[in-house]
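Undergrad: Would you be able to build a 3D model of this:
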Amino acid sequence: MSQQPQHTPTIVLFDGVCNYCNGLVNFLLRQDRNRKLRFAALQSAAGKRVLASHGLSSDYLDSFVLIDKGRALTRSTAALILYNRLPWYWKWTQIFWVFPRFIRDAVYNFFARNRYRWFGKREQCMVPSPEVKQRFLDDE
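TA: Below is the predicted model of the structure:
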């Protein structure tokens, strides 16, 4: 008897002290009605464990990281693939693939460099509410 392949979740590693990033996670929690996305702050033990398993430094905080189909993706590529995992009405975002990666990433990097100035920063990472806690990777 053959075993079914185990589904690996799509994981969003985000900057847990960034106000914008926390807002984006709350947006994704609402949009991901099929509950296929899992989350962890980059600063958390779970986030560091996932980074290490994909050969990324544990102090990697200048972009969110998307783990999709076993690949670690960053910057604009990660954002476009993530939006492609959302409901149909977000598919319009895929038009940004027409721009070369160096242009997309330049815009992404500009935004990432200014996110604390524009949206602020928390003293500690987001603590998920009990309703969504099971969507976050365990720190143990």
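
Undergrad: tell me the mean pLDDT over stretch 45-54?
TA: Across stretch 45-54, the average pLDDT comes to 93.

Undergrad: Name the residues of it that are buried.
TA: Judged by neighbour count (16 or more other Cβ atoms under 10 Å), stretch 45-54 contains these buried residues: A46, G47, K48, V50, L51. Every C-beta, even on glycine, is put in place using the N, C-alpha and C of the backbone.

Undergrad: Export those to CSV and append columns for distance to N114 and secondary structure.
TA: Output for the buried residues of stretch 45-54, formatted as CSV (distance: Cβ to Cβ, whole Å; DSSP: H, G, I helix; E, B strand; the rest coil):
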residue, distance to N114, secondary structure
A46, 27, helix
G47, 23, helix
K48, 25, helix
V50, 26, helix
L51, 23, helix
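
Undergrad: three-state assignment of the residue nearest to L56 when sequence neighbours are not counted?
TA: Nearest-residue entry for L56: A72, 6.1 Å, with adjacent residues in sequence omitted and distances by Cβ to Cβ, 6 or more residues apart in numbering. Secondary structure, DSSP: H, G, I helix; E, B strand; the rest coil: A72 is strand.

Undergrad: pLDDT below threshold where in this structure?
TA: 1-7, 126, 140 (pLDDT under 70).

Undergrad: which residues in it form helices?
TA: Per DSSP state H, the chain carries helices over the ranges 19-31, 45-53, 75-84, 101-119.

Undergrad: what's the angle between the longest one and helix 75-84?
TA: Our comparison of helix 101-119 with helix 75-84, counting by axes from the mean of the first three to the mean of the last three Cα atoms, to 10 degrees, yields an angle of 80 degrees.
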